[in-house]
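Got a predicted model here, sequence first, then my questions.
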Amino acid sequence: MFSLKSIVRKNIWELTPYSSARDEFKGSADVFLDANENPYGTLNRYPDPHQKKIKERLSTIKKVVSNQIFVGNGSDEVIDLAFRIFCEPGKDKALTFSPTYGMYDVSAAINNVELIKQPLINDFQINLNQLQPYLDDPSLKMIFVCSPNNPTANTFNVQDVEYILENFNGVVIIDEAYIDFSEQESFISKINEYPNLIVSQTFSKAWGLAGVRVGVAYSNAEIITLYNSVKPPYNVSQLNQEAVLASLNDLDTFESNVDVILKERKDLKQKLASLKMVNKIYPSDANFLLVNVDNANETYQYLIDQKVIIRNRNKLVDNCIRITVGSPEENEKLIESLQLISKS
Ligand SMILES: *Cc1c(COP(=O)(O)O)cnc(C)c1O
């Protein structure tokens, strides 16, 4: 049986969170002299520590309750806080499936937590048989499931992810940074069903706001309360909150940008497939393509010379490069450059 108290670090369970001036007085008034702010300027006031307006919008769009939403300083903060809430440094462990997003590794190392990496099999799916013994290890506190996965671009089988949610007594963090480019439904609709589920999303990809640094976690109210008590009180700046709100109030732009990227993904895939140097393009549920080429190191270097930068993923997946789907003009420039290599 999953019990939240038994997997949260004792010091965090017992933590008395910081109480800000805006926590202690929430009403309206004429004069605020309670936060040592400067009376002059335009950004002189502390931002809303609970990002209420953003949560109201997200609550409608994602069909969850406001107290099931945590707004963080990028997904980086969502990941880092998970380690700090659930993993005793030097003692507890976390697990993920490789190859995957490098930040889990870095965040684990910063928090002095061992990260176990289970290799993906059969075109990058989870190997449940190999995972089974870990599910019963009481020192394993978290499993990161990146779906759609970076850099392999695929989503995992829903039944496999549900098996983990049902058979693991720690928390399962599903990183859905790329979910808006996928046909698969978000796991957000299952946060009421699984008490150990945290879904992480971001404004950095489909929303086009990587510069703004806002990530979101969706979970049950108990887990979100823990997140809120551990985060720095004013973790999302006024400017960042305003940028996110402007986007949330313009869903048409969001949808049309995603549509263009999906169409470009299809076109790019077709054009790449016609090149002699390209051996395989993996199916993509994200805004990038993982491509096996004759020689990834050479291709990468050649494209740099053409002033086109892609990601060389040769060390993670043999002779693979990862190409972000860009604008039609950017994709055209990439294809022209690759056609030159094919000829040379
Ligand atoms: C890009 C990406 C993110 C986004 O991180 P932010 O800190 O929100 O910019 C999260 N997870 C994965 C797997 C990514 O590839």
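Right, received. Where do you want to start?

Name the nearest residue to Ala153, ignoring sequence neighbours.
Ser284 (4.0 Å; CB to CB, 6 or more residues apart in numbering). From N, CA and C alone the C-beta is placed, and that goes for glycine too.

ok now do Leu340, which residues does it touch?
Counting by CB atoms under 8 Å, 6 or more residues apart in numbering, Leu340 makes contact with Gln306.

That one: which element?
Using DSSP states H and E, Leu340 sits within helix 328-343.

cool, Tyr227 as well?
With DSSP H and E as the criterion, the answer for Tyr227 is helix 221-230.

So what touches that helix?
Taking CB under 8 Å, 6+ apart as the rule, helix 221-230 contacts 4, 8, 12, 15, 17, 50, 65, 67-70, 72, 78, 81, 84-85, 171, 195, 198, 217, 219.

Show me just the buried residues among the residues you listed.
8, 50, 68-70, 72, 78, 81, 84-85, 171, 195, 198, 217, 219 (16 or more other CB atoms under 10 Å).

ok, so of the residues you listed, who is nearest Asp305?
Val78 (37.7 Å; CB to CB).

Show me the buried ones among the contacts of helix 221-230 that map onto helices.
Val78, Leu81, Arg84, Ile85 (DSSP state H).

right, and the third one touches Asn112 too?
No. Look at Arg84 against Asn112 with CB atoms under 8 Å: they stay out of range, at 11.1 Å.

quick one: the closest residue to Gln51 other than its chain neighbours and Arg84, what's the gap?
Spatial nearest neighbour of Gln51, excluding adjacent residues (CB to CB, 6+ apart): Val71 at 4.3 Å. Going from Val71 to Arg84 by CB to CB, to the nearest Å gives 17 Å.

circling back to that earlier point, quick one: residues contacting the residue nearest to Gln51.
So Val71 contacts Gln51, Ile54, Lys55, Val214, Gly215, Val216, Asn235, Val236 (CB under 8 Å, 6+ apart).

Same list (those) but as a markdown table, adding neighbour count.
As requested, these are arranged in a markdown table below (neighbours: other CB atoms under 10 Å):
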| residue | neighbour count |
| --- | --- |
| Gln51 | 23 |
| Ile54 | 23 |
| Lys55 | 22 |
| Val214 | 27 |
| Gly215 | 22 |
| Val216 | 24 |
| Asn235 | 20 |
| Val236 | 25 |
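
So which of those reach the ligand?
Near the ligand, judged by CB under 6 Å from any ligand atom, the entries from the contacts of Val71 are Gly215.

Ile116 is in contact with Ala108, correct?
No. Ala108 sits out of contact with Ile116 when judged by CB under 8 Å, with a separation of 9.5 Å.

more crowded one of the two?
Applying other CB atoms under 10 Å to Ala108 and Ile116 shows that Ala108 carries more neighbours, namely 23 against 16.

And the ligand, is the helix or strand encompassing that one touching that?
Here Ala108, judged by DSSP H and E, is contained in helix 103-110. No. If you take CB under 6 Å from any ligand atom as the test, helix 103-110 misses the ligand, and the best it gets is 6.6 Å.

Walking through this protein, point out its helices one by one.
Using DSSP H, helices in the chain cover 4-7, 10-13, 21-24, 52-62, 74-86, 103-110, 128-135, 158-167, 221-230, 238-248, 251-273, 296-305, 328-343.
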